[in-house]
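Student: sequence and predicted structure below; questions after.
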Amino acid sequence: MANPCAIAGIGQTRHASQRADVSIAGLVREAALRALEDAALTFADIDAVVIGKAPDMFEGVMMPELMLADALGAAGKPMLRVHTAGSVGGSTALVAASLVQAGIHERVLTVAFEKQSESDAMWALAPKIPFQPTVVAGAGGYFAPHIRAYIRRSGAPLDIGMRVALKDRLNALRNPYAHLHQEDITLEQIAQSPMLWDPIRYAETCPSSDGACAMVLVSEQAARSAPHRPAWVHASAMRSEPTMFAGRDQVNPRAGQECAAAVYHQAGITDPRREIDAAEIYVPFSWYEPMWMENLGFAPEGTGWRMTLEGATAFDGDLPVNPSGGVLSSNPIGASGMLRFAEAAMQVRGQAGEHQVDGAKRALGHAYGGGSQFFAMWIVGSEKP
Amino acid sequence: MRDVAVVSFAQAPSVRADQLRNEVEILMPVVAEALGRSGISKHEIGFTCSGSSDYLAGQPFSFVMALDAVGAWPPMAESHVEMDGAWALYEAWARLQHGDIDSALVYAFGKSSMGDIAELLTLQLDPYSVVPLWPDAVSVAALQARAMLDGGHHSERDMAAVAARSRRDAASNPNAQVRTPLDEAAALAEPCIVSPLREHDCPPVSDGAAAIVLAAGERARQACARPAWIRGIDHRIEPASLGARDLATSQSAALAARHAGALGGAFDVAEIHAPFTHQELILRDALGLGDRATAMNPSGGALVANPVMVAGLIRIGEAAQRIIDGRARRALAHATSGPCLQQNLVCVLEAD
Amino acid sequence: MSEQVYGIKVPIRLDYTYVVGTAPARFLRGLAQGKIVGQRCPSCAKVYVPPRGSCPTCGVPTRDDVALSDKGIVTTFCVVNIPFAGSAVKAPYVSASVLLDGADIPLFHLLQEVATEDVRMGMRVEAVWVPNDELQPSMNSIRYFRPTGEPDAPFESFKEHL
Ligand SMILES: [Zn+2]
């Protein structure tokens, strides 16, 4: 079976709409150096680097890992570049973990980033291809119809999305790295923000951020010399399904269900709601919290919204979801998935500071991408599995 | 390490521009052929990994639609690298080491015909200090060729000899794109495109796709009478700045070869990913192939078919195929990425 | 003292020649004749529109053309209230998933000639084509969809197509 893998170092940048104070290389180093410092290692100790980001068009650099090799101390080492759309931050961590689990490397540095301010992201997502229709306006235009379908299917009250947005923005106030710090945000303000893609309001969407996240993943042997308590990978899985096919359920995609089932099985979890102490879930539009609660098996189909309404997913609820503030508070696209994975690990290491969930022993990190079709998840724990 | 082998390989014939088929349509028969030859169905495959580039395809998330060529239903364990498919194979090989799955599908696709590939590859250089000067890929390669020639170990005549041999070998490769013979003397009399590179020193612009099925242990033996076992595989990168490295050598290729166990013993065949003639000469030195009686690039190599993002995976496929067919017992495969051989992967393949 | 430089602008222009593919080309040629052509999967018999050349679940080529009606139902939709760069339509507008009669997958298009607040899931709609002499091998040959006035389709009939 696969070798144990531990998370010995975690670092992230301050996330902001524009990090004009650093180059792309400076941004990834900010996260990487913090992760190395946490693990009391230097670039020289690292065996391989695995880097991930969403489309290259976001920065205007083709395969930017090539020009980032020096900045990440990768010269003379193996370097892999992952791209699996929005789930990429999660997939990148899983590829890095895989190298340790395979017994190939002892210490792998993994980094994910996006510096959207360096290019025109709107253009990057919508090149004018002559034969493709242009009526779908941005990611919100793609996801809004599925949210509408969820509301119709579940009969959820219309204010659920706003409650999620409020919760995550308040959680972000506990996270010094978060992009959005909206001190006096209220439900009223969210309700009055413009309806961009009905039923999605402006305040229910994620920001566009520059930012990076990094982790040092190590073998059991290397974990022994880590200065701080590591987190352990208890389970990991990726699942994909096609974008469009007849009969596809985009509200509750089977790839997500099966990915969740795979990680629960590996971790020996039979009742995820009870056995998982905190979850960092990829929620770029507020309504995806209740949708993913069902997809991940935390709630029976059609009832995920009750968890939000009853406060179960709140910071003091029985399953705190996105105590960091989540994607709704910081969204450096390529790094957003890795932030979920890293934040889950921070919880079980007890290093989450103001947004630490008391006594968290096991946490779920989740990322998804494409048209709700690519999923990456891991379960991390404070104890070696 | 667990024993993992290439058990089947398929590729689309490389063409200058496929103006009828989209990427999915090019890829679909290739994936079906690779799976068919292995006898392993897509439902049994434990992991799938692909390599391609959004900039090459001219649209973000271009790998997403390519998934339709596989038929990812029920949902499958799948990942993608924004790299040549050879690195997708590396990721799949690593995944197979976990021991819980026994087979993997690897594929790559690329249509260089859609844009100006030499201009496009400029975007791989430093965006702040180099890209504003917009040196195209042929000019950047010419810097390296000049450094090599000035080192005095290889000549323009040696470069032409590489081209002529590649063209000769291409004649018997139905998947090759450039198959006209090359008269070395006449070719050397031609003017340079970018000094010191002449037309025959440069790769063609190609559209293509390839797929490989990997299997572990007993499953590999069931799938293939003569599996091409991966005895070593490693890849290394070096600094991006062209001024920070000795362009006349390839330290990262030499390092990868050492870690892959490629520096000892003889190879019957070597498939080297060298889009430019001088790069084969540099790589032969770096991989220690200079004096060995090894058949060099019997497929004709990237000089006769160069689908970007695919050509590296094809090298592994071509080398493995010769073992599967019984024409070779030990083979070396190599893939490269980035300006002037910045990143290199080496794979040692053997029959039982 | 010289001014600090924090960034530079590097304009990038890349031209591409996109190849639509054989199956989508049949669909586009159909639009140029005022017809909507889908393709049926030989394995699962589902009808795809626009066809991409493969059945996404079976991974096999779709080859049999199927002439589809230009009427269908709105399975789900979104009201776009903000102007988007590159969008030809003035906000607010409705972009809808339209399941054409005879197809197994909805296609996205504009919905017009109806107030945004009156759009419903299940609403029957039809294509409004450009005049015959303006037909092109392009989605723009259909200007938009509009309600037919027929009774709405029951939710049960399209819940598998959301
Ligand atoms: Zn089918």
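Tutor: Done, it's in. Keep in mind the model is a prediction, meaning the values are calculated, not measured. Numbers count the residues shown, from 1 in each chain, chains lettered A, B, ... in the order given.
Student: does stretch A:359-376 come close to chain C?
Tutor: No - applying C-beta under 8 Å from any C-beta of the partner chain, one finds stretch A:359-376 out of contact with chain C, separated by at least 10.1 Å. The C-beta positions use only the backbone N, C-alpha and C, and glycine is treated the same way.
Student: what sits against residue C:144?
Tutor: Going by C-beta atoms under 8 Å, 6 or more residues apart in numbering or on different chains, residue C:144 touches C:109, C:110, C:111, C:112, C:113, C:127, C:128.
Student: what's across from it in the sheet?
Tutor: Beta-bridge pairing of residue C:144 under DSSP bridges involves residue C:128.
Student: tell me the helices in the chain, going along the chain?
Tutor: You didn't say which chain, so I picked chain A. Assigned by DSSP state H, the helices in chain A fall at A:24-38, A:65-68, A:88-101, A:121-125, A:138-154, A:160-172, A:187-192, A:220-223, A:254-267, A:272-275, A:288-295, A:304-309, A:333-349.
Student: let me rephrase: I mean chain B.
Tutor: Counting by DSSP H, the helices of chain B are B:23-38, B:54-57, B:62-66, B:85-96, B:117-120, B:137-151, B:156-170, B:184-189, B:217-223, B:251-259, B:277-286, B:311-324.
Student: which other helices and strands does the fifth one contact?
Tutor: What it means is helix B:117-120. Helices and strands touching helix B:117-120, as assessed by 3 or more C-beta pairs under 8 Å, 6 or more residues apart in numbering or on different chains; DSSP states H and E, comprise helix B:54-57, helix B:137-151.
Student: again, 6 Å this time
Tutor: Judged by 3 or more C-beta pairs under 6 Å, 6 or more residues apart in numbering or on different chains; DSSP states H and E, helix B:117-120 has no packing partners among the helices and strands.
Student: the helices of chain A: lowest mean pLDDT?
Tutor: Across the helices of chain A, helix A:121-125 has the smallest mean pLDDT, namely a mean of 62.
Student: buried residues, the lowest-mean-pLDDT helix or strand in chain C. List them.
Tutor: In chain C, the helix or strand scored least confidently by mean pLDDT, DSSP states H and E is helix C:155-158, which has a mean of 88. In terms of neighbour count (16 or more other C-beta atoms under 10 Å in any protein chain shown), helix C:155-158 has its buried residues at residue C:158.
Student: where's that helix relative to the chain centroid, distance-wise?
Tutor: 20 Å (C-alpha atoms, centre = their mean, to the nearest Å).
Student: likewise for stretch C:21-32?
Tutor: So, by C-alpha atoms, centre = their mean, the centroid of stretch C:21-32 is 13 Å from its chain's centroid.
Student: show me the contact partners of it.
Tutor: B:20-22, B:25, C:37, C:39, C:50-51, C:53, C:135-137, C:141 (C-beta atoms under 6 Å, 6 or more residues apart in numbering or on different chains).
Student: roughly how far does the residue in the stretch 101-250 of chain A that chain B sits nearest to sit from residue A:24?
Tutor: Nearest to chain B in the stretch 101-250 of chain A, going by C-beta to the nearest C-beta, is residue A:102, at a distance of 3.5 Å. Using C-beta to C-beta, to the nearest Å, one obtains 30 Å as the distance from residue A:102 to residue A:24.
Student: repeat that for residue B:258.
Tutor: 31 Å.
Student: ok, the two, which is more surrounded?
Tutor: residue A:24 (25 against 17; other C-beta atoms under 10 Å in any protein chain shown).
Student: quick check: residues of chain C near the ion?
Tutor: C:41, C:43, C:44, C:55, C:58 (C-beta under 5 Å from the ion).
Student: so how do I select the buried members of the contacts of residue C:144 in ChimeraX?
Tutor: Per 16+ other C-beta under 10 Å, the buried members of the contacts of residue C:144 correspond to this ChimeraX selection:
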select /C:109,110,111,112,127
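Student: kindly reformat the contacts of residue C:144 as CSV containing distance to residue B:4.
Tutor: Shown next, in CSV, are those (distance: C-beta to C-beta, whole Å):
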residue, distance to residue B:4
C:109, 48
C:110, 51
C:111, 53
C:112, 57
C:113, 60
C:127, 53
C:128, 57
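Student: need the contacts of residue C:144 in CSV (columns: pLDDT).
Tutor: Shown next, in CSV, are the contacts of residue C:144 (pLDDT from 0 to 100):
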residue, pLDDT
C:109, 91
C:110, 92
C:111, 94
C:112, 95
C:113, 96
C:127, 97
C:128, 97
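Student: among the contacts of residue C:144, which are in strands?
Tutor: Per DSSP state E, strands hold the following members of these: C:109, C:110, C:111, C:127, C:128.
Student: how close does the first one sit to the ion?
Tutor: Pointing back at residue C:109 there. Distance, residue C:109 to the ion, by C-beta to the ion, to the nearest Å: 24 Å.
Student: wait, which of the contacts of stretch C:21-32 is closest to the ion?
Tutor: Nearest to the ion among these: residue C:39, at 10.3 Å, using C-beta to the ion.
Student: rewinding a little: close to chain A, is the least confident helix or strand of chain C?
Tutor: No - Helix C:155-158 lies apart from chain A when judged by C-beta under 6 Å from any C-beta of the partner chain; the minimum separation is 7.3 Å.
Student: and the contacts of that helix?
Tutor: Here helix C:155-158 makes contact (C-beta under 6 Å, 6+ apart) with C:73, C:75, C:99.
Student: need the strands for chain C, in chain order.
Tutor: C:36-40, C:47-48, C:64-68, C:71-80, C:93-100, C:107-111, C:124-129, C:142-147.
Student: which of the ones you listed sits closest to residue A:40?
Tutor: With C-beta to C-beta as the criterion, residue A:40 lies closest to strand C:71-80 of the strands of chain C, at 49.7 Å.
Student: that closest one packs against which elements?
Tutor: helix A:138-154, strand A:195-198, strand C:93-100, strand C:124-129.
Student: buried deepest among those, which one?
Tutor: Mean neighbours per residue, mean count of other C-beta atoms under 10 Å in any protein chain shown, is largest over those for strand C:93-100, with a mean of 25.
Student: on contacts alone, who are the packing partners of that one?
Tutor: When contacts are defined as 3+ C-beta pairs under 6 Å, 6+ apart, strand C:93-100 sits against strand C:71-80, strand C:107-111.
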